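Asks: Here is my input, please return the structure:
(one chain, ligands or ions: 3)
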Amino acid sequence: MKRIEWNRLDVDARLAVLARPARGQSAETRAAVERLLAQVRAQGDAALRELTRRFDRCDLASLRVSEAEFEAAEKALSAELKMAINEAKARIELFHRASAPQPVSLETAPGVHCERILRPIGRVGLYVPAGGVPLPSTALMLGVPAAIAGSPTVVLCTPPRVDGGCDETVLYAARLCGIREVFKIGGAQAIAAMAYGTESVPRCDKLFGPGNVWVTEAKLQVSADPDGAAVDMPAGPSEVLVIADAQADPAFVAADLLAQAEHGVDSQAILVTPSEDLIEAVAGCLAVQRLRVSRADVAGEALEHGCLIRVDSLDEAIAVSNAYAPEHLIINTAEPRAMLDAIVNAGSIFLGPWSPESVGDYCSGTNHVLPTYGAARAWSGLSVASFQKQMTVQELSADGLRSIGPCAVTLATAERLDAHASAVSLRLQSLEDAA
Ligand SMILES: NC(=O)c1ccc[n+]([C@@H]2O[C@H](COP(=O)([O-])OP(=O)(O)OC[C@H]3O[C@@H](n4cnc5c(N)ncnc54)[C@H](O)[C@@H]3O)[C@@H](O)[C@H]2O)c1
Ligand SMILES: N[C@H](CO)Cc1c[nH]c[nH+]1
Ligand SMILES: [Zn+2]
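Replies: Ligands and ions are numbered 1, 2, ... in the order given. The predicted model follows:
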């Protein structure tokens, strides 16, 4: 990992350190995804079968996962794994229920009743990656808030294995969330199927979930198409930034950096600390720990563009973190909670030595689908609200209109929107006439 002395850098060099690798896909990827989307729109299921043969190297009799496959999946898993999934799901549900938006109803003036009411998005499409390693935890992170919001149609796509089956753990997690419409489709073709619909796959209003470059580009393209679908958030490679001081255990810090690095070669792992000794010790631990992980090649490549940044103080570390706006922020210092008020940009925050980022990935209760690539400056992680629409309602009595109508007339007149003004003044006049 690169070692950086923050205070020796000028402004441009600091910006370069905080810059992510170039965003957006190559022109070839964009064009390839455009062709894939057009093919699925034109040929429906036939295109899905052909593309699954080409990219996933398997011939599917049925795109949809059958009841028998769900049952076989449940039988195939160990009791221990099922219990862990059930346990994680219960905590994710607890947190997501508690943090779900509530309806609002109040009088803003006598006789002026304003409400916020909530409705689930009608048809939602979930994507669970499985090209490299299948991610059943992602099925929970998408499926639980969708179920709490109460979306009537929940569709889930995940790539098939070469034998035509699906990862059993993903199927078990999907079923636990009440999802029945699961399709063995991966990549851009899955996004196209859910955005535009095919003979088998229902068309969805909004799509959720992470994925590789083809998935990400396809989500971008369908969200820009008025006939396509909305998407959850701008996504990029996974990221972690650790703020630590001299008291932090270097083995813990190294393990946290490595955990994010093993996701993909483009993962971002950054340590910011005032302690030169900690940087030295973390570098040593990383050299040892990375040899022990099965995805050592992937992690090693990711760590090459990660960095160990030395700052003068913890206040400066916070400033670096706020400027970077990491997906995950770990604060491993003597008084982590005391720093929380100063943190303004981060997807999810992990306080203290006993809160590794991995627990947020699986089972603390928070969601692991989070804004990356600096999007945490303006975006939040997935929640029940992401699966809902918030509609506002107003109901005025005659007295209500008498009381606030003149305000509307004055503002409409100032904007020279006479029809707006008269929609109110006409009514005020009729009330006066009736009095
Ligand atoms: N930010 C997050 O919340 C988060 C969480 C989990 C995973 N991730 C990321 O999700 C990604 C998962 O990627 P993955 O590849 O393992 O699985 P994936 O399911 O996203 O992609 C696999 C699919 O890609 C398609 N594909 C393969 N080669 C292709 C080609 N040449 N042209 C067109 N399509 C092709 C295939 O159809 C295949 O089914 C990783 O980058 C991981 O870091 C992010
Ligand atoms: N850390 C990933 C989000 O950036 C989510 C994940 C799934 N499984 C393990 N980790
Ligand atoms: Zn992870």
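Asks: Name the residues of stretch 248-263 that are buried.
Replies: 248, 250, 252-263 (16 or more other Cβ atoms under 10 Å). To be clear about C-beta, it is placed using only N, CA and C from the backbone, and glycine gets the same treatment.
Asks: Could you do stretch 365-384 as well?
Replies: For stretch 365-384, burial by neighbour count (16+ other Cβ under 10 Å) applies to 365-376, 379, 381-384.
Asks: With stretch 311-321 instead?
Replies: Judged by neighbour count (16+ other Cβ under 10 Å), stretch 311-321 contains these buried residues: V311, L314, E316, A317, I318, V320, S321.
Asks: Same check on stretch 4-15?
Replies: Applying 16+ other Cβ under 10 Å to stretch 4-15 flags I4, W6, R14 as buried.
Asks: Quick one: distance of that stretch to the chain centre.
Replies: 31 Å (Cα atoms, centre = their mean, to the nearest Å).
Asks: What average pLDDT does it get?
Replies: Mean pLDDT, stretch 4-15: 94.
Asks: what residues does that stretch touch?
Replies: With contacts defined as Cβ atoms under 8 Å, 6 or more residues apart in numbering, stretch 4-15 is touched by V17, V272, C307, L308, I309, R310, V311, D312, E316, V320.
Asks: Run through the chain and note the low-pLDDT ranges.
Replies: Applying pLDDT under 70 to the chain picks out residues 23-24.
Asks: same thing but 80
Replies: By pLDDT under 80, the low-scoring segments of the chain are 21-25, 234-236.
Asks: So the longest helix along the chain, near ligand 2 or not?
Replies: The longest helix of the chain (DSSP state H) is helix 79-98. No - judged by Cβ under 6 Å from any ligand atom, helix 79-98 and ligand 2 are separated, with a smallest distance of 11.1 Å.
Asks: Buried ones in that helix, by neighbour count?
Replies: Residues of helix 79-98 classed as buried by neighbour count (16+ other Cβ under 10 Å): I85, A88, K89, R91, I92, E93, F95, H96.
Asks: How far off centre is that helix?
Replies: The answer for helix 79-98 is 19 Å, by Cα atoms, centre = their mean.
Asks: Following element in sequence after it, please.
Replies: strand 104-109 (DSSP states H and E).
Asks: Just give the closest residue to M391, not the sequence neighbours.
Replies: Distance criterion Cβ to Cβ, 6 or more residues apart in numbering; nearest residue to M391, sequence neighbours excluded, is I117 at 5.3 Å.
Asks: give me every residue that touches the residue nearest the centre of the chain.
Replies: By Cα atoms, centre = their mean, the mean C-alpha position of the chain lies nearest to V369, the distance being 3.0 Å. For V369, the contacting residues are T138, M141, L142, F208, G209, P210, D232, M233, G381, L382, by Cβ under 8 Å, 6+ apart.
Asks: Out of the residues you listed, which sit inside strands?
Replies: F208 (DSSP state E).
Asks: which pair in the contacts of V369 spans the largest distance?
Replies: T138 and M233 (13.9 Å; Cβ to Cβ).
Asks: Same drill for those two, tell me which one is more crowded.
Replies: Shown here are T138 and M233; by other Cβ atoms under 10 Å, T138 has more neighbours (24 against 21).
Asks: all helices of the stretch 1-150 of the chain, in order?
Replies: Taking DSSP state H, counting those that start in this stretch as the test, the helices found in the stretch 1-150 of the chain are 11-18, 27-43, 45-56, 67-76, 79-98, 136-149.
Asks: quick one: the second one to helix 45-56, angle?
Replies: Spelled out, it's helix 27-43. 150 degrees (axes from the mean of the first three to the mean of the last three Cα atoms, to 10 degrees).
Asks: Also the longest one?
Replies: Inter-element angle recorded for helix 79-98 and helix 45-56: 120 degrees (by the same axes, to 10 degrees).
Asks: What parts of the stretch 1-150 of the chain come near ligand 2?
Replies: Going by Cβ under 6 Å from any ligand atom, the residues of the stretch 1-150 of the chain near ligand 2 are L135, S137, T138.
Asks: Identify the residue of the stretch 101-250 of the chain closest to ligand 2, quick one.
Replies: Of all residues in the stretch 101-250 of the chain, S238 sits closest to ligand 2, at 3.5 Å by Cβ to the nearest ligand atom.
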